[in-house]
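> Sharing a sequence plus its predicted fold:
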Amino acid sequence: MSITWTSPITGAAQTGLTSPTYTTTADTAPAGNPGKQVAVTALGGTQSGVSVHSVASPFVLNFIRPATLKQLGSPNPVTGVISNVPNNVYKLVTLKGVTPLTGQPIKAMSIMTTISVPAGADTADAQNIRAALSAHLGALSQQSAGFGDLTINGVL
């Protein structure tokens, strides 16, 4: 299995959070969603005001793959070109309950990373797929606090 959640998840650096960790438990992904989901059941480090998963305030992470994986079609017998290359789309979705204003009901915020891989590239160019993911995830990790600050102050 490619995705095997380990608990706790070590959080990336964020302003106001000290050594954040997230203890998780396996959860059932929504119906019709071929994914692996966990719910955050406990927090570690210093995370004042942060809540764990509940029905009213979700805190879940869900890796999703296509229900049906697409394959590369055949090349045109005359030109040798494959004109229609489908994509397999993979996602990591995080849902977290947040309060928009004191005294108001909790609303779910969502964070989504979508990876769209052209069919066939998984066998023809696996290393470049891995390099793209490495750079993408490294950039998110490197800029975690900056991205957090951006979502709070709007300054890019």
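Done, it's in.
> can you give me the helices in this structure?
For the chain, the helices defined by DSSP state H occupy 121-124, 126-142, 144-153.
> Just the angle for the longest one relative to helix 144-153, thanks.
Using axes from the mean of the first three to the mean of the last three Cα atoms, to 10 degrees, the inter-axis angle of helix 126-142 relative to helix 144-153 is 60 degrees.
> tell me the mean pLDDT for helix 126-142?
Computed over helix 126-142, the mean pLDDT rounds to 91.
> Next: stretch 51-66.
Taken as a whole, stretch 51-66 has an average pLDDT of 95.
> same deal with stretch 74-90?
94.
> Give me the distance from that stretch to the chain's centre.
A distance of 28 Å separates the centroid of the chain from that of stretch 74-90, by Cα atoms, centre = their mean, to the nearest Å.
> Next, the buried residues of that stretch.
Using 16 or more other Cβ atoms under 10 Å as the test for burial, stretch 74-90 gives P86, N88, Y90. C-beta here means a position set from N, CA and C on the backbone, and glycine is covered the same way.
> That one: end-to-end distance?
23 Å (Cα to Cα, to the nearest Å).
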